[in-house]
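# return atomic coordinates for the entry below.
(chains A and B)
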Number of protein chains: 2
Amino acid sequence: MRMIGIGKEDPMGPIYVVGHKNPDADSICAAIACAEMLNELGYFAVAARAGELNAETTFALSTFGFEPPQPLVPSPDMAVYLVDHNEPVQMPDGVAQDQVVGVVDHHKLGGLKTSAPIYFRVEPLGSTCTVLARMFDEMKIDPSRQIAGVLLSGLISDTLLFRSPTCTPLDEQIAHRLAEHAGVELEHYGMEMLKKKSDIEGRSASELLNRDLKEFSFAGHRVAIGQVELMDFSQIEPNMDALLEEMRAMLGEGYELVVLMITHILSKKSRLYAVGTQNALSVFERAFEGRLESGYIERPVVSRKKEVVPPLERAFEED
Amino acid sequence: MRMIGIGKEDPMGPIYVVGHKNPDADSICAAIACAEMLNELGYFAVAARAGELNAETTFALSTFGFEPPQPLVPSPDMAVYLVDHNEPVQMPDGVAQDQVVGVVDHHKLGGLKTSAPIYFRVEPLGSTCTVLARMFDEMKIDPSRQIAGVLLSGLISDTLLFRSPTCTPLDEQIAHRLAEHAGVELEHYGMEMLKKKSDIEGRSASELLNRDLKEFSFAGHRVAIGQVELMDFSQIEPNMDALLEEMRAMLGEGYELVVLMITHILSKKSRLYAVGTQNALSVFERAFEGRLESGYIERPVVSRKKEVVPPLERAFEED
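Numbers count the residues shown, from 1 in each chain, chains lettered A, B, ... in the order given. A predicted model of the protein is given here:
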């Protein structure tokens, strides 16, 4: 375990700041902004990514003049700083818990263990970028116009431009401040991002399923939950058969349940498609108090973290 | 799980702010200051304790005019805010992980899990009170003279007035600021506290062993580590036989190893006494690269967290 003191330079090479696997805009934007913050504090930090960028993230980075972060190439003595996740199962492959020297996140606590104290900060806010914007503010570091832009992008993406129930008044307040600093019109830029998020044109079923898939362990059961966010349910209909086939193929890889949330951003509803073992499917139906019809249960939910994971985890624990 | 939003009042009764079992000065002082901070932020919070106060803590509280916090009486729907610990095994008995709504700490991560995001902040600093002093500052809440005094007391106690290797330049800097605010002369008040900490006059072996005993699970092995801090090793000699007898009695309660650090504050050394199973004792000897002689290994260490837990945990993992 590498110890990183506060305000000390580290002679052992860079700290790699990285989001979760299948990174979304919040993960990538947070990695870039957090590395910048650490550099301002006198550390040697580099942003990295644990997967390919989606179209929304590419759009955000190019808007503010950033190159995509380099892919993370894990090695055993590398210091890793996690953003936008803290669950050991969501960490990049090849990274051990004791290599983690810092965490900034907005998800539930997933049981990370270390052998020494590290910097660890989680807040129940709409995005990791919101937490980072607060930290810039607290440490009186003024982000550049470009960094304000990436922080804003992660915030918009994760809150669905304030439509998600994970969004708090503080997120909205900080978004307005960041937009002004970044020199963009909030509503206009936000809708551009949502359009990119929901653009699935030309994507294969495998790409769609995997680009925002997260793994969980609920009472020892291995569960994967993916999400595709759209402006209209009809966009996904031609892909549904192929998507369900991909999901069923995952059951052969040790998952007991694979859930795909098809989320209609503007009406704030999701169709929760599920495949799994007989027992897992009955846990799923209990969790969402409904019956799978045409492969899904439709519910007025948009947040995996706040509206899908907690009832599902509870149902597995009570099983 | 109770959700606590940022800046929202909670109508469901107070949040109980509580330190670890066998509370030390940092645990109690942090609970009082953190409850005060939450109240300033508009929550309804009450400081509580998970055990009896030691003499040092009683001295600090009476210096600044505070009554001891009330004992925590756990109930299943109570919201609990942890200070100075985050390991599930160190939490007050009767409190479940999902009742935890916030954490402020300076220890290693112990694997806490929740079903929803909470406020969780750990920093590698000398005391929980230092982290809280930073938070007061960041949120631009000016602590009262009395609260500055309790924050200073926790900081002095945990850093042994800056003698512990866990102490950082930031701890010292914040201590000077707090002492000025609290209206005490830092060195004089600090030595008064250390004298109280090392006063074992009239204490039974059971009291001495238990007043700062922490439980750990290292690679599945149940280990307890206690600490007694003194101005001179000769103070403890008359109690040692009775202490070792108490430690051996704990082996019947499921512990594989019981370690007692007898720490000489001024010369910054500890005698590490150990009783345990044959295997656990050989792990202990490997961890500290020595042989138990007269029941102990003497080492230039003072910090359980930074100098005793990590090598012991590593040795158990490699066993």
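# could I get the full set of helices for the stretch 101-250 of chain A?
A:128-138, A:145-159, A:169-182, A:186-197, A:205-210, A:240-251 (DSSP state H, counting those that start in this stretch).
# quick check, the longest one touching chain B?
This means helix A:145-159. No. Helix A:145-159 does not reach chain B (C-beta under 8 Å from any C-beta of the partner chain); its nearest approach is 12.0 Å. Placement of C-beta: from N, CA and C, glycine included.
# ok, now the first one?
Yes. Helix A:128-138 comes into contact with chain B when judged by C-beta under 8 Å from any C-beta, the residues involved being A:E138.
# packing partners of that helix?
When contacts are defined as 3 or more C-beta pairs under 8 Å, 6 or more residues apart in numbering or on different chains; DSSP states H and E, helix A:128-138 packs onto helix A:25-40, strand A:100-105, strand A:119-122, helix A:145-159, helix A:169-182.
# in the longest one, what's buried?
Using 16 or more other C-beta atoms under 10 Å in any protein chain shown as the burial criterion, the residues of helix A:25-40 that qualify are A:25-38.
# from these, which is closest to A:S217?
Minimum distance to A:S217 across the buried residues of helix A:25-40 is 20.0 Å, recorded for A:S27 (C-beta to C-beta).
# and the gap between the residue nearest to A:G290 when sequence neighbours are not counted and A:S164?
Sequence neighbours aside, A:I297 is the residue nearest to A:G290 in space, at 4.2 Å (criterion: C-beta to C-beta, 6 or more residues apart in numbering or on different chains). Going from A:I297 to A:S164 by C-beta to C-beta, to the nearest Å gives 19 Å.
# returning to that earlier point: could the helices and strands packed on helix A:128-138 go into a markdown table alongside mean pLDDT?
Putting the helices and strands packed on helix A:128-138 into a markdown table (pLDDT from 0 to 100) gives the following:
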| stretch | mean pLDDT |
| --- | --- |
| helix A:25-40 | 97 |
| strand A:100-105 | 96 |
| strand A:119-122 | 96 |
| helix A:145-159 | 98 |
| helix A:169-182 | 98 |
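# could those be laid out in JSON lines, adding distance to B:L160?
Output for the helices and strands packed on helix A:128-138, formatted as JSON lines (distance: least, C-beta to C-beta, whole Å):
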{"stretch": "helix A:25-40", "distance to B:L160": "30"}
{"stretch": "strand A:100-105", "distance to B:L160": "25"}
{"stretch": "strand A:119-122", "distance to B:L160": "23"}
{"stretch": "helix A:145-159", "distance to B:L160": "40"}
{"stretch": "helix A:169-182", "distance to B:L160": "38"}
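# out of those, which comes closest to B:E187?
Nearest of the helices and strands packed on helix A:128-138 to B:E187, taken as C-beta to C-beta: strand A:119-122 at 29.9 Å.
# list of residues touching that closest one?
A:4, A:6, A:86, A:101-107, A:109, A:112, A:131, A:135, B:109, B:117-124 (C-beta atoms under 8 Å, 6 or more residues apart in numbering or on different chains).
# what does chain A have sitting close to chain B?
A:1, A:3-7, A:106-125, A:138, A:168-170, A:305-306, A:309-310, A:313-314.
# pull out the buried members of these.
A:1, A:4, A:6, A:106-125, A:168, A:170, A:305-306, A:309-310, A:313-314.
# partner strands of the biggest strand by length in chain A, parallel or antiparallel?
Ordering each strand of chain A by length in residues (DSSP state E) puts strand A:221-230 first. Within its sheet, strand A:221-230 is paired with strand A:213-218 (antiparallel), strand A:257-264 (parallel), according to DSSP bridges.
# any idea which of those strands is most buried?
Comparing the strands paired with strand A:221-230 on average neighbours per residue, with mean count of other C-beta atoms under 10 Å in any protein chain shown, the densest one is strand A:257-264 at a mean of 25.
# so how far is the helix or strand that that strand is followed by off the chain centroid?
Sequence-wise, the next helix or strand downstream of strand A:257-264 (DSSP states H and E) is strand A:269-276. Strand A:269-276 has its C-alpha centroid displaced from the chain centroid by 19 Å (C-alpha atoms, centre = their mean, to the nearest Å).
# pLDDT of strand A:269-276, averaged?
For strand A:269-276, the mean per-residue pLDDT is 97.
# for it, buried residues please.
In terms of neighbour count (16+ other C-beta under 10 Å), strand A:269-276 has its buried residues at A:S270, A:R271, A:L272, A:Y273, A:A274, A:V275, A:G276.
# one more: stretch A:246-260?
For stretch A:246-260, by 16+ other C-beta under 10 Å, it's A:E246, A:M247, A:M250, A:L251, A:Y255, A:E256, A:L257, A:V258, A:V259, A:L260.
# need the CA coordinates for the host helix or strand of A:E285. PDB is fine.
Counting by DSSP H and E, the element that carries A:E285 is helix A:278-287. Extracted C-alpha coordinates of helix A:278-287, given in PDB (Å, rounded to 0.1, in the frame of the first residue of the first chain):
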ATOM      1  CA  GLN A 278     -36.200 -18.800 -12.000                       C
ATOM      2  CA  ASN A 279     -35.500 -17.800  -8.400                       C
ATOM      3  CA  ALA A 280     -33.800 -14.500  -9.400                       C
ATOM      4  CA  LEU A 281     -36.700 -13.600 -11.700                       C
ATOM      5  CA  SER A 282     -39.100 -14.100  -8.800                       C
ATOM      6  CA  VAL A 283     -37.000 -12.000  -6.500                       C
ATOM      7  CA  PHE A 284     -37.000  -9.400  -9.300                       C
ATOM      8  CA  GLU A 285     -40.800  -9.500  -9.600                       C
ATOM      9  CA  ARG A 286     -41.100  -9.100  -5.800                       C
ATOM     10  CA  ALA A 287     -38.700  -6.200  -5.800                       C
END
